[in-house]
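Asks: coords please:
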Amino acid sequence: MKKILYLLIAVLVLCTTFSAFGGGTQDTGGMEPVRLTVWEHTPQFEASLKTTLENFMAKNPDIKVEYEIKTPDQYYALLATTIQAGEAPDLFWTNGTATTDLGNLVKQNAVMDLTGKIDVGGYSKMALKMTTINGKQYQTPGATIGTRAVYYNKDIFKKYGLKVPANFSEFEKNLEILKSKGEIPLSFGGMFSWSILFHFEPILAAMAPDWIEEATAGKARVNDARVKAAFKKMLEWGEKGYYGPGYLGVDEGGQLLAFSKGEAAMTITGSWNANTFNKNNPDLNIGAFQIPTKDGRRPLVVTYAAGFCVYDKTEYPEAALKLAQYLTTIESQQIWVDQLKDVPGLDGVTTNDPLVSEIVKNDFQVNSFYTILGDFAKPGATPTQLWEQDNVKLLSGMYTVDQFVNMLNDQMR
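Replies: Residues are numbered from 1 along each chain as shown. All right, here's what the predicted structure looks like:
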């Protein structure tokens, strides 16, 4: 009997020792934590995602979350491959209804219906429009407004006595002066479709805000003369050397780095890249403005960010849903705004960043050209994909402006 008792005590001691050193932690009650994987589509958002997940794990020690950062040019192809293999990440970013990708994932039953499972109270109709299909919530909404801006090097402007332009003519005059002084007026990633979009949209907004207003209401065509004029202006600036040599071989990273290093006086890109400049060069003396119209008004291109979908076949639906719930909170969204130095779009989320204040200084807001393409596509057509694939060909001369806009127009209702 004593031998049996000693044996039981020995087994108990052994189990306790195993638990303490290899079988779990006190926080998880001796159980291995659930492990989730999250995919993000671009390095710009890594700091925000990392901090958010760290805060979530501190509140939920029984859940461990790992993340993977992809690149925009490969993201959807990689995601499609993992979904087809039944091995998709537990949560993953999509661009919401701004593209057809979320809709396709819904048709494939690849994303969880989050309707009533996450709290989206306080989010605007525009934010929810990005994440709902047929009245059902398939993605966490974002609290940031993604806009575009002209970032400028204040020291270079001061050197040549330049000021923030009061109208479109003055903006072009600044480009001409900078070029004549041997400076690169604008760094531009001409080989990357998203850089082209974020460059083109402020030009279109400054030159043809009336077209954007009409198109948002479904009353204007993409092959309109006003759209052609904006495309031609972008090409004209390239021909005049305003983008510097070899810009057609520059990607987004090269564009942002050139400006960060003071190799270009300005760059036009998304508001979320403001923090990238600070990281690349904390000493950069940077300002921001919107390209003004010919009569001096400042348009602000507005798009709401989208968050993360939950994989419908996740192995851990309760834990994945708990993370999705956290991602919609003000606490989580404040992290994104603080880390990105971006524009808040949710009540309760604030910013005191002076650069953001310069970015959002505007006289009126306009819709995104890309959003218009998605909103008014013919059934089954994908003008946003055509844009992504072929706008680089427009810059390189493979398509004329007329050819390109007609191709887009053919896919529109």
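Asks: hey, let's count contacts and neighbours off CA atoms from now on
Replies: Fine.
Asks: Give me the below-cutoff pLDDT ranges for this structure.
Replies: 1-30 (pLDDT under 70).
Asks: Got the domain ranges for it?
Replies: Domain assignment for the chain by automatic domain parsing gives 28-144+305-344, 146-303+353-410.
Asks: For residue 139, which residues are in contact?
Replies: Residues near residue 139 by Cα atoms under 8 Å, 6 or more residues apart in numbering: 96, 114, 131-132, 306-310.
Asks: What is the nearest of those to residue 163?
Replies: When the contacts of residue 139 are compared for distance to residue 163 (Cα to Cα), residue 306 wins out at 35.2 Å.
Asks: Wait, that closest one touches residue 140, no?
Replies: Yes - Residue 306 is in contact with residue 140 according to Cα atoms under 8 Å; the separation is 6.7 Å.
Asks: quick one: common contacting residues for these two?
Replies: residue 131.
Asks: More neighbours: which of these two?
Replies: Shown here are residue 306 and residue 140; by other Cα atoms under 10 Å, residue 140 has more neighbours (29 against 25).
Asks: any chance you could read off phi and psi for the more buried one?
Replies: The phi/psi pair for residue 140 (degrees, to the nearest 10) reads phi -70, psi 140.
Asks: for the nearest residue to it once chain neighbours are set aside, what are its contacts?
Replies: Nearest non-adjacent residue to residue 140, counting by Cα to Cα, 6 or more residues apart in numbering: residue 307, 4.8 Å away. Going by Cα under 8 Å, 6+ apart, residue 307 touches 93-96, 139-142, 327.
Asks: Just the ones of those residues in helices?
Replies: Using DSSP state H, the subset of the contacts of residue 307 located in helices is residue 327.
Asks: Just the closest of the contacts of residue 307 to residue 164, please.
Replies: So of the contacts of residue 307, ranked by how close each gets to residue 164 (Cα to Cα), first place is residue 142, at 30.9 Å.
Asks: So residue 53 sits against residue 61, correct?
Replies: No - between residue 53 and residue 61 there is no contact under Cα under 8 Å: 11.3 Å.
Asks: For these two, indicate the residue with more neighbours.
Replies: Counting neighbours by other Cα under 10 Å for residue 53 and for residue 61 shows that residue 53 has the greater number, 20 against 14.
Asks: elements contacting the strand or helix carrying that one?
Replies: Following DSSP states H and E, one finds residue 53 within helix 46-59. Applying 3 or more Cα pairs under 8 Å, 6 or more residues apart in numbering; DSSP states H and E, one finds that helix 46-59 contacts strand 63-69, helix 317-327, helix 330-340.
Asks: And the residue nearest to residue 140, how close does it get to residue 35?
Replies: 20 Å (Cα to Cα, to the nearest Å).
Asks: Now secondary structure and distance to residue 277 too, for the contacts of residue 139, in TSV please.
Replies: What follows is those, written out as TSV (DSSP: H, G, I helix; E, B strand; the rest coil; distance: Cα to Cα, whole Å):
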residue	secondary structure	distance to residue 277
96	helix	27
114	coil	36
131	coil	29
132	strand	33
306	strand	23
307	coil	23
308	strand	26
309	strand	29
310	strand	32
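Asks: For these, which single residue is the most surrounded?
Replies: Of all the contacts of residue 139, residue 309 has the most neighbours under the rule other Cα under 10 Å, reaching 31 neighbours.
Asks: which residues of the chain fall in strands?
Replies: Here the chain has its strands, by DSSP state E, at 34-40, 63-69, 91-93, 132-133, 136-137, 141-146, 148-153, 184-187, 264-270, 286-289, 299-306, 308-310, 343-344, 364-367.
Asks: so which of those gets nearest residue 236?
Replies: strand 184-187 (13.0 Å).
Asks: Give me the residues contacting the closest one.
Replies: Outside strand 184-187, the residues touching it (Cα under 8 Å, 6+ apart) are 175, 178-179, 241-244, 247, 255-256, 258-259, 263-268.
Asks: close enough to count as contact, residue 342 and residue 271?
Replies: Yes - the pair residue 342 / residue 271 is scored as a contact, 6.0 Å apart, by Cα under 8 Å.
Asks: And these two? Which one has more around it.
Replies: Set side by side, residue 342 and residue 271 show more neighbours around residue 342, with 29 against 25, by other Cα under 10 Å.
Asks: picking that back up, pipe the strands of the chain into a markdown table and attach distance to residue 382 per row.
Replies: Below are the strands of the chain laid out as a markdown table (distance: least, Cα to Cα, whole Å):
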| stretch | distance to residue 382 |
| --- | --- |
| strand 34-40 | 23 |
| strand 63-69 | 26 |
| strand 91-93 | 20 |
| strand 132-133 | 17 |
| strand 136-137 | 22 |
| strand 141-146 | 22 |
| strand 148-153 | 24 |
| strand 184-187 | 30 |
| strand 264-270 | 23 |
| strand 286-289 | 32 |
| strand 299-306 | 19 |
| strand 308-310 | 21 |
| strand 343-344 | 29 |
| strand 364-367 | 19 |
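Asks: The nearest residue to residue 256 once chain neighbours are set aside: what's it in contact with?
Replies: In space, not counting the residues next to it along the chain, residue 256 is nearest to residue 277; the distance is 7.0 Å by Cα to Cα, 6+ apart. Counting by Cα under 8 Å, 6+ apart, residue 277 makes contact with 256-257, 259-260, 284.
Asks: With residue 350 instead?
Replies: Residue 350 touches 334, 337, 344, counting by Cα under 8 Å, 6+ apart.
Asks: Report the beta-bridge partners for residue 286.
Replies: With DSSP bridges as the criterion, residue 286 is bridged to residue 153.
Asks: separation between it and residue 265?
Replies: Using Cα to Cα, one gets 10 Å for the distance from residue 286 to residue 265.
Asks: Check the gap between residue 220 and residue 169 for me.
Replies: 26 Å.
Asks: With residue 183 instead?
Replies: Taking Cα to Cα, one finds residue 183 at 19 Å from residue 169.
Asks: More neighbours: which of those two?
Replies: Neighbours per residue, other Cα under 10 Å: of residue 183 and residue 169, the larger number sits with residue 183, 19 against 14.
Asks: show me what contacts the more buried one?
Replies: So residue 183 contacts 263-265 (Cα under 8 Å, 6+ apart).
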